[in-house]
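Participant: pasting a predicted model and its sequence here:
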Amino acid sequence: MPRGTSGVRIWLGEPTEDPPAIIIGIDPGKTVGLAVYDLVTEEMLGTQVVFDDFGDWLNISLANLKGKNVHVAIERYTIRSLKVAADAHWAIECIGVAKYLCKCYSVSLTLQSPNDAKGFADDIKLRKAKWYVPGRQHANDAIRHVALLMASLKIAPPWV
């Protein structure tokens, strides 16, 4: 697989933009799934935090990564009916926190469909890449958002 000038594995032609050095994936909710992928070392970290710790985690992470080319991918939450789930506010607030902090740190943010992410990176692919985190569904969903963003930027996921 060819590599670009930054050492990132190129997939399906030239990248559409300067590839990020770090991709952060977020699965918003009361339990927030988080994933951090370093495209140079090809290391993935997947974890989960409670909502109350999410803002601090993202703020500290973005501050520590300042100056690096960082891109955040977060699940888009769409309200589809007049009857909204009682816990919908967790995801909506999470997205708002991410948007605000990304703007503060001048970090690119992409909203993604949960169905697209799950369809692109199922558990079999996550296991093949050694990215699967047993018992941490929200972390795995955040990892899926990293993988989907990689594909949209024409960066090869490890199972390719």
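Facilitator: Now that the structure is in, tell me what you want to look at. Since we're looking at a predicted model, the values are computed, not measured.
Participant: where does Ile24 fall, secondary structure wise?
Facilitator: Ile24 belongs to strand 22-27 when assigned by DSSP states H and E.
Participant: now the helix or strand following that strand against strand 22-27, angle please.
Facilitator: Downstream of strand 22-27, the next assigned helix or strand under DSSP H and E is strand 31-38. Here strand 31-38 runs at an angle of 160 degrees relative to strand 22-27 (axes from the mean of the first three to the mean of the last three Cα atoms, to 10 degrees).
Participant: buried ones in strand 31-38?
Facilitator: 31-37 (16 or more other Cβ atoms under 10 Å). In this view, the C-beta of every residue, glycine as well, is placed from N, C-alpha and C.
Participant: on contacts alone, who are the packing partners of that strand?
Facilitator: Strand 31-38 is packed against strand 22-27, strand 43-50, helix 51-64, helix 137-152, with contacts defined by 3 or more Cβ pairs under 8 Å, 6 or more residues apart in numbering; DSSP states H and E.
Participant: residues in contact with that strand?
Facilitator: With contacts defined as Cβ atoms under 8 Å, 6 or more residues apart in numbering, strand 31-38 is touched by 21-27, 43-51, 54, 57, 61, 94, 136-143, 145-146, 150.
Participant: of all the helices and strands packed on strand 31-38, which one is nearest Lys130?
Facilitator: Taking Cβ to Cβ, strand 43-50 is the member of the helices and strands packed on strand 31-38 nearest to Lys130, at 8.0 Å.
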